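Chemist: quick check, what structure comes out for this input:
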Amino acid sequence: MRPGAYISTVTAPASSYALVDLASLKTRLNVSVTTYDAYFTLAIADASAAAANFMNNPIVVETLSDQIWPWRDSRLGALRSQSEALQLKRWPIVSVASVTETIAGVATLLVAGTDYLVDPAYGRLVRINSYGNPRNWNADPVVVAYSAGYASVPSDVADAVSEMVKARWYAQQRDPAIRERNVEGVMSTTYWFGSGPGADTDMPPVIQARLERYRVPVFA
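Modeler: A predicted model of the protein is given here:
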């Protein structure tokens, strides 16, 4: 469904926004001492924030309240198969606490399985009629209280964040963005970092590719 207007509020933040834990990071870096733990903890927070900003989604479990004003084109004789789902701001959905629809100032609490169905993987709610068949949502305000996110950070996301920390770690001694170095006429260095001119991020393409799978589209 095309969104009309959204106000999405986090009502219960995640306990942590780190997208890789310290122990896993140190295993990937083959570091066993605790000497650099403070540095790694800070770097994890920085890299996790950068990844979350790129994905437009922290992806960890949070509890939210989405206030939605559905918006769609008026059409006569629309087929039932064309009924549209209500897209929430976050997914996958962990649980839906309540769905409230307000019509002419009267708020009605909808019942899961009777009034709507949940598509957890894609964060959608399907409105159904008394026969259990999909139908369009009313053009009235809807408030959805729900929890969404990954209980365990996907391994490819954790690996991407680890690679970001790894680059920062080794950059203390050698710049990891160096693509080529030529000493022929007394030094020529070529750097590679980001997607090139005009890119909207400074992340290396391989990291972008891993995070892109979880990126939430943003519509102007």
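Chemist: for this structure, what are the low-confidence residue spans?
Modeler: Along the chain, segments meeting pLDDT under 70 span 1-4, 71-83, 173-202, 218-220.
Chemist: quick one: the helices in it, in order.
Modeler: 22-29, 37-55, 155-170, 205-212 (DSSP state H).
Chemist: highest mean neighbour count out of those?
Modeler: Compared across the helices of the chain, helix 155-170 shows the largest average neighbour count, a mean of 19 (mean count of other CB atoms under 10 Å). For every residue, glycine as well, the C-beta is placed using N, CA and C.
Chemist: before we move on, back to that, reformat the helices of the chain as JSON lines; add distance to Thr102.
Modeler: Output for the helices of the chain, formatted as JSON lines (distance: least, CB to CB, whole Å):
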{"stretch": "helix 22-29", "distance to Thr102": "45"}
{"stretch": "helix 37-55", "distance to Thr102": "32"}
{"stretch": "helix 155-170", "distance to Thr102": "37"}
{"stretch": "helix 205-212", "distance to Thr102": "37"}
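Chemist: how long is stretch 89-108 from one end to the other?
Modeler: Start and end residues of stretch 89-108 are separated by 22 Å (CA to CA, to the nearest Å).
Chemist: number of residues surrounding Gly123?
Modeler: Number of residues near Gly123 (other CB atoms under 10 Å) recorded here: 21.
Chemist: just the CA coordinates for stretch 116-133, please, in CSV.
Modeler: The C-alpha coordinates for stretch 116-133 follow below in CSV (Å, rounded to 0.1, in the frame of the first residue of the first chain):
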residue,chain,number,x,y,z
TYR,A,116,-6.5,-8.8,9.8
LEU,A,117,-3.7,-11.2,9.2
VAL,A,118,0.0,-10.6,9.9
ASP,A,119,2.8,-11.1,7.3
PRO,A,120,5.7,-11.1,9.7
ALA,A,121,8.6,-11.4,7.3
TYR,A,122,7.6,-8.3,5.3
GLY,A,123,6.0,-6.2,8.1
ARG,A,124,2.5,-6.1,6.5
LEU,A,125,-1.0,-6.3,7.8
VAL,A,126,-3.7,-7.7,5.5
ARG,A,127,-7.3,-6.5,6.2
ILE,A,128,-9.8,-9.3,5.8
ASN,A,129,-13.6,-9.4,5.6
SER,A,130,-16.1,-11.6,7.5
TYR,A,131,-15.3,-14.4,5.0
GLY,A,132,-11.6,-14.3,5.7
ASN,A,133,-10.8,-12.8,2.3
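Chemist: perfect, I'm done here.
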